[in-house]
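J.: Show me how the following folds:
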Amino acid sequence: MKKFISFSLFCMGMLAIAGLSFGQARDENKEVLRGLDKVHVVVERLRAEIEQDGLYASTLQTDMELKLALAGIKVVSEEEDRKIPCVADLYMHVDAFKHAQGYTYRIQLSLMEPVFVLRKHLQVPGTTFRMHDELGMTEQLSEIREEARDLLDKFIEIWQAANSHKEKAGTPP
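T.: Next up is the predicted model:
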């Protein structure tokens, strides 16, 4: 049991450190979400052992697309993304490790979109908004899916707060 606790703490520590270098979701950062009306959803493929146990990137992607559409954010397909310039990618990465007592995981949710580098006069993809990572341990794989949904719900709440000015100003959404 001590080995499990030590291993789990080590994994969570490493996952936490890896996430510290990016901008996190704060109230002052929600301005980036103002005017965001469409996204292309990207969910990175999960480890093979996690997919073998029953959690798939396609399931997480469908969850995201449905929640975003219900919230009023247009979800752009892969084909549309190639045709429409400058569509932001809402990117989810789930990193999960299987062990004897269940799973240790980290969930990341980032908005990536084209940004302009002034000194180079160059447009490059960049992370413009990132939610705080969700870290945890669980015995049930379904709890990882639920945590991913909860993280997306938090993103939607921040997006709604950033875009609530439209209704207040009388501007159609």
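J.: Pull up the gap between the residue most central in space within the chain and residue 91, please.
T.: Central residue of the chain (CA atoms, centre = their mean): residue 109, 1.7 Å from the mean position. Noted for residue 109: a distance of 7 Å to residue 91, by CB to CB, to the nearest Å. C-beta: built from backbone N, CA, C; applies to glycine.
J.: again, but for residue 118
T.: 24 Å.
J.: What residues are bridge-paired with residue 39?
T.: Per DSSP bridges, the residues bridged to residue 39 are residue 75, residue 88.
J.: Just want the phi and psi numbers for residue 133.
T.: phi -60, psi 150 (degrees, to the nearest 10).
J.: Need the three-state assignment for residue 116.
T.: Each residue gets one of three states, and residue 116 gets strand by DSSP: H, G, I helix; E, B strand; the rest coil.
J.: Same check on residue 46?
T.: coil.
J.: That one: how many residues sit nearby?
T.: 21 (other CB atoms under 10 Å).
J.: That one and residue 58 touch, don't they?
T.: No. Look at residue 46 against residue 58 with CB atoms under 8 Å: they stay out of range, at 9.8 Å.
J.: okay, residue 118 and residue 91: which has more neighbours?
T.: Remark: of residue 118 and residue 91, residue 91 carries more neighbours, 18 against 7, as counted by other CB under 10 Å.
J.: did I read that right, that one in a strand?
T.: Yes. The assignment for residue 91 is a strand, going by three-state DSSP.
J.: Do a quick rundown of the helices in this structure.
T.: 2-19, 48-52, 57-71, 78-83, 141-163, 165-169 (DSSP state H).
J.: The nearest residue to residue 65 once chain neighbours are set aside and residue 47, how far apart?
T.: Take residue 65 and drop its neighbours on the chain: the residue closest to it by CB to CB, 6 or more residues apart in numbering is residue 75, 4.7 Å away. Counting by CB to CB, the separation of residue 75 from residue 47 is 25 Å.
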